[in-house]
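In: Structure for this input, please:
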Amino acid sequence: MRGSEVTEGFGDRRADPFVRNELSGSVNGPSIQAQRIYGGITFNVQASSPSGPEARPDQVPSLTVRFINRSADLASLDDCLSESGSGSGRVGYGVISGMPGVGKTAMACRWADQAREQFPDGQIYVDYAALRSRAGGDVSEAVGMCLRALGVEDAYIPKSLEERASLFRSRTAGRCILVLLDDVNQPAQVRPLVPKGPGSVVLVTSNGRLSELALDGARPVHLAPLDVNSGLRLLADRCGEAAVASERQAAERLVGFCGGLPKALQLVAARLLTAGDVTMSELAEELADETRRLQGLSLGGDHSVSAVLEVSYRDLPPGAAQLYRILGWFPGRVFDAGTVACAADIDVPTAKVLLGTLVKSHLLDMTEDRRYRFHDLVRLHARECAERQEPRSVRREVVERVATHYLVLTAFADRAVREDRLRIANLTDLLHDAPDPFSAKEGPAPLEWLDTERATILAVLREASRLALHKHVWQLAEAFTVLFLHRRYLGEWKESLELGARAAAEAMVPAAEARMRSLLSRPLMDLGQYDQARTELETAVACAEVSAHTALGASVHEFFGRYWDRFDADHAVQAYRRSVELNVMAEEWRGVAIATYFLGCAQDAAGHHHKALATLRSAHQGLVDRRDRRMAARAMIAIGTVHEHLGDMDTARRVLSDAVRELEAVQASHYEAQARLRLADIIERTGGAQDAVREHLTRAREIYQAGGSPEAEKLSERLDRMEVSDDGTG
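Out: Residues are numbered from 1 along each chain as shown. Next comes the predicted model:
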């Protein structure tokens with residue numbers, strides 16, 4: 001009968017918004033077919049047709065915890081999307097991106113809640129992560145879910161994606177709605193679900209950057225990890241204000257170990273709340289061990305930082321996934337494309353392409369100077385993946401390539417600063433065919449490069465030491481010390497030379513061990529660790545004698561003279577005279593000039609001021625002849641000091657002022673601080689301007705603070721006393 005014919009027609013025309021009735025035309029709602037009646041009435045019922053009463057969906061999940069900060073990010077979303085409301089003719093389009101676990105979903109839900117009145121026709125939510133977890137979950141299914149949310153029954157939802165997208169546009173054409181698409185990883189998951197109604201908004205969250213959506217008008221909002229204060233507020237909200245206040249330092253450490261990642265902080269809070277016998281301090285100590293950190297940020301199953309990061313990792317193409325694993329073994333947090341190419345043993349263009357993929361996936365960040373940086377937890381996850389999937393031998397190969405790379409660059413930087421400095425490592429073959437970036441016209445300044453890379457170089461030294469790459473370690477430590485001769489980062493200098501000395505001893509290279517241990521005496525004495533410095537120097541003397549390296553022996557005696565400067569001027573004079581003799585024998589004329597300089601200083605300390613002045617003038621001329629501006633300026637400090645001891649304050653002040661300017665020019669900040677201190681003392685004693693005294697002391701304190709010297713605290717106390725005196729309250 002006719003009714004059955006119409007029923008079959010639904011299967012062929014399900015996209016039609018209306019059902020055609022042969023007797024009465026178009027109808028809405030349930031239809032009754034009654035042209036021919038045999039034995040009763042036949043009903044063809046459409047329980048909820050697409051043209052029935054319009055549904056008002058309200059699907060965006062509620063936040064179950066307090067939303068912390070993000071006011072600036074919410075304001076950015078408002079700037080992107082609010083103008084689409086209030087009758088605007090356009091559709092708003094925003095993409096919230098950021099690394100996994102940074103809080104993108106919470107951010108989107110918070111904005112949706114605040115903007116509820118902007119969407120009188122409702123809010124739709126699609127979780128693509130949940131769709132991907134189900135077999136067959138795809139874009140077409142997502143569109144079907146949205147159509148159901150808009151009141152379309154399954155019987156009226158087309159089979160093809162194209163038809164579903166067309167119906168979605170039709171159903172949203174007269175509505176002002178929000179469509180929130182969570183955890184999108186492909187642009188194709190978004191485009192069919194852009195609503196058509198004026199004032200509507202489609203808001204996307206993604207671990208990737210989805211740059212292609214910018215072509216469609218999407219406005220990006222990048223979400224960064226929380227700062228320390230916001231992280232502490234999150235912990236306080238979960239664990240209580242009193243708990244954070246009672247263990248403030250431990251709480252700050254926990255925020256640091258979590259890298260400001262909200263997901264990680266929530267796991268920390270959950271562990272503290274569910275394991276009542278664990279304090280913040282105890283948990284902080286557990287997470288301080290990098291090898292246990294990811295395990296500590298887990299409640300089991302999918303409730304872990306690793307599980308969150310694994311989602312993005314699984315989406316990587318094979319090449320990018322392998323590079324991600326290799327970078328897990330990179331001994332540092334920041335790197336450039338050239339270093340990555342070296343680590344992975346690939347060419348630079350390929351490295352840049354693969355790095356770009358990792359950046360788009362928010363597994364790497366690009367810094368302002370166009371280098372790349374891991375979030376600490378991502379780095380640990382990459383290492384976890386490497387240990388799970390790569391052969392064990394790969395780690396050593398990666399670190400060896402990276403150590404060689406940094407050895408070459410550091411050696412070139414060392415030579416660019418001072419070509420004729422004493423070196424034990426013979427790197428001629430290694431450097432022969434390598435390009436020297438510091439010799440190029442637009443190349444980096446060597447000291448600035450070393451300063452920028454010093455954290456990574458130190459990390460390379462540590463990792464190479466753990467893997468027993470002894471030759472790489474001591475050679476890199478020797479070249480690296482040039483930075484610390486100019487900028488006194490005492491703790492880092494000490495550690496690098498300790499690693500170098502241990503490696504040289506393990507490699508049984510006595511000349512290298514003597515060089516490392518004699519250099520090590522420098523930061524030890526600056527840190528006031530004189531007994532250890534003497535022990536290192538005594539070992540260095542023995543190693544130098546075994547090596548039969550004359551110039552090295554001269555250098556070691558010079559270092560021992562500096563130790564005796566602190567305790568016995570006569571012993572110091574003897575050590576420096578021996579250094580001069582050995583340098584002459586080795587025809588090391590720069591070494592002769594340097595040892596002569598120290599000899600003059602020791603003579604001055606012993607009270608032989610006129611003899612010292614002659615010795616120092618000879619040393620200064622020798623250093624000028626060798627074009628060693630830094631050491632020549634140090635000789636000027638000593639000459640000025642001798643004039644002070646002789647009572648010639650005007651000459652002392654003039655010479656020291658010249659030394660300050662020269663040391664500033666060559667960026668020898670540690671010696672600049674020494675000259676400024678001496679100058680401040682002279683100005684103060686001779687009744688000079690207090691502002692000038694304060695200026696020199698303040699700058700010297702800044703230099704010592706930057707280098708970690710204990711002298712900084714003494715200068716702070718001295719400046720405080722000056723302030724009290726100026727106030728008239730002393």
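In: what about the helices in the stretch 601-730 of the chain?
Out: Remark: helices assigned in the stretch 601-730 of the chain by DSSP state H, counting those that start in this stretch are 609-625, 629-645, 649-665, 669-685, 690-707, 711-727.
In: Tell me where the model's unsure across this protein.
Out: Along the chain, segments meeting pLDDT under 70 span 1-54, 69, 82-89, 133-137, 726-730.
In: what kind of secondary structure is the residue lying closest to Ser306 once chain neighbours are set aside in?
Out: Of all residues not flanking Ser306 in the chain, Leu294 sits nearest, at 5.2 Å (Cβ to Cβ, 6 or more residues apart in numbering). Where you see a C-beta, it was placed from the backbone N, CA and C, and this is true even at glycine. Secondary structure, DSSP: H, G, I helix; E, B strand; the rest coil: Leu294 is helix.
In: number of nearby residues for Leu294?
Out: Using other Cβ atoms under 10 Å, the number of residues around Leu294 comes to 19.
In: can you give me the helices in the stretch 151-300 of the chain?
Out: Secondary structure of the stretch 151-300 of the chain (DSSP H, counting those that start in this stretch): helices located at 161-172, 228-239, 241-246, 248-257, 262-274, 280-288, 290-296.
In: possible to save those as CSV with distance to Arg699?
Out: Shown next, in CSV, are those (distance: least, Cβ to Cβ, whole Å):
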stretch, distance to Arg699
helix 161-172, 66
helix 228-239, 30
helix 241-246, 38
helix 248-257, 31
helix 262-274, 40
helix 280-288, 36
helix 290-296, 38
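In: Against Ala250, how distant is the residue nearest to Ser306?
Out: Distance from Leu294 to Ala250, counting by Cβ to Cβ, to the nearest Å: 19 Å.
In: Out of the helices of the stretch 151-300 of the chain, which gets nearest to Leu467?
Out: For the helices of the stretch 151-300 of the chain, the distance to Leu467 is smallest for helix 290-296, at 15.3 Å, taking Cβ to Cβ.
In: tell me which residues in that closest one are buried?
Out: The neighbour-count check on helix 290-296 (16 or more other Cβ atoms under 10 Å) flags Arg293, Leu294, Gly296 as buried.
In: Can you give me every residue that contacts the closest residue to Leu450 other than its chain neighbours?
Out: Leaving aside its chain neighbours, Leu450 sits nearest to Leu483 (4.1 Å; criterion: Cβ to Cβ, 6+ apart). Residues in contact with Leu483 (Cβ atoms under 8 Å, 6 or more residues apart in numbering) are Leu447, Leu450, Asp451, Arg454, Tyr489.
In: can I get these in JSON lines with secondary structure?
Out: Output for the contacts of Leu483, formatted as JSON lines (three-state DSSP):
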{"residue": "Leu447", "secondary structure": "helix"}
{"residue": "Leu450", "secondary structure": "helix"}
{"residue": "Asp451", "secondary structure": "helix"}
{"residue": "Arg454", "secondary structure": "helix"}
{"residue": "Tyr489", "secondary structure": "coil"}
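In: Which member of those residues is positioned nearest Ala188?
Out: Ala188 lies nearest to Arg454 out of the contacts of Leu483, by Cβ to Cβ, at 45.3 Å.
In: isn't that closest one right up against Glu492?
Out: Yes - the pair Arg454 / Glu492 is scored as a contact, 6.4 Å apart, by Cβ atoms under 8 Å.
In: For Arg132, see how far away Ala149 is.
Out: Taken as Cβ to Cβ, the span from Ala149 to Arg132 is 19 Å.
In: Among those two, which residue is more densely surrounded?
Out: Neighbours per residue (other Cβ under 10 Å) separate Ala149 from Arg132, with Ala149 holding more: 21 against 16.
In: that older thread, using JSON lines, lay out the helices of the stretch 601-730 of the chain together with mean neighbour count.
Out: JSON lines is the format used below for these (neighbours: other Cβ atoms under 10 Å):
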{"stretch": "helix 609-625", "mean neighbour count": "18"}
{"stretch": "helix 629-645", "mean neighbour count": "23"}
{"stretch": "helix 649-665", "mean neighbour count": "18"}
{"stretch": "helix 669-685", "mean neighbour count": "22"}
{"stretch": "helix 690-707", "mean neighbour count": "18"}
{"stretch": "helix 711-727", "mean neighbour count": "13"}
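In: Can you add distance to Asn229 and give these back as JSON lines?
Out: Shown next, in JSON lines, are those (distance: least, Cβ to Cβ, whole Å):
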{"stretch": "helix 609-625", "distance to Asn229": "51"}
{"stretch": "helix 629-645", "distance to Asn229": "43"}
{"stretch": "helix 649-665", "distance to Asn229": "37"}
{"stretch": "helix 669-685", "distance to Asn229": "32"}
{"stretch": "helix 690-707", "distance to Asn229": "24"}
{"stretch": "helix 711-727", "distance to Asn229": "26"}
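In: Brilliant, that's me finished.
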